[in-house]
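**Student:** Generate coordinates for the sequence data below:
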Amino acid sequence: MNDLIKYGEVRRGTLGYIEVAQMSERLAEQLAAPVNKGVLVSRMSRSSSAYDAGIRPGDVIVSLNQKPIEDSGQLLRLLADSPIGSTVTIGAYRDGRKMEFRRRWW
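**Tutor:** Reported below is the predicted structural model:
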C-alpha cells in the first residue's frame with residue numbers, strides 16, 4: 001500500500017532475465033551438487049541483476065536472505081517481497097562450493 005501511495009505502483013525486486021530449473025536428486029547427481037534442493041540457473045542475460053551480482057549458469061540457488069529456496073516460485077516471491085533499496089543475499093553452490101552473492105535492489 002505504501003508503494004502505491006508514494007510511487008503510484010508496487011515496486012518489486014527482480015533478478016532480470018534468468019531461467020531456472022527445479023533441482024532433483026538426478027540433476028544433483030549429474031552436476032555433482034551437494035544438495036538436491038533449490039533451483040538450477042540454466043540460462044540468463046548478461047545484462048541481468050543476477051549476472052551483475054556474480055551468479056552464473058550452472059549455479060544452484062538454495063537460499064535468499066537465509067530462507068531456503070524449494071522452487072522457482074518461492075525464489076520469485078521472496079525476491080519480489082524484498083524492499084527496493086535493500087541488499088539481498090543469495091546462497092548458492094557452484095562446482096560443489098558454497099557461495100554467497102549480495103546485491104542491492106533498486
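**Student:** all contacts plus neighbour counts: C-alpha atoms, from now on.
**Tutor:** Noted.
**Student:** Helix or strand with the lowest mean pLDDT in this structure?
**Tutor:** Sorted by mean pLDDT, DSSP states H and E, the helices and strands of the chain end with helix 2-7, the least confident at a mean of 65.
**Student:** moving C-terminal of it, what's the next helix or strand?
**Tutor:** Per DSSP states H and E, the first helix or strand lying C-terminal to helix 2-7 is strand 18-22.
**Student:** Parallel or antiparallel, which strands does that following strand pair with?
**Tutor:** Sheet pairing of strand 18-22 (DSSP bridges) gives strand 39-44 (antiparallel).
**Student:** Now the strand it pairs with: buried residues?
**Tutor:** Of the residues in strand 39-44, 39, 40, 41, 44 count as buried by neighbour count, 16 or more other Cα atoms under 10 Å.
**Student:** Could you point out which of the residues you listed is nearest to residue 62?
**Tutor:** When these are ranked by distance to residue 62 (Cα to Cα), residue 39 comes first, at 6.7 Å.
**Student:** Touching, the closest one and residue 21? I think so.
**Tutor:** Yes: counting by Cα atoms under 8 Å, residue 39 sits close enough to residue 21 to count as a contact (5.5 Å).
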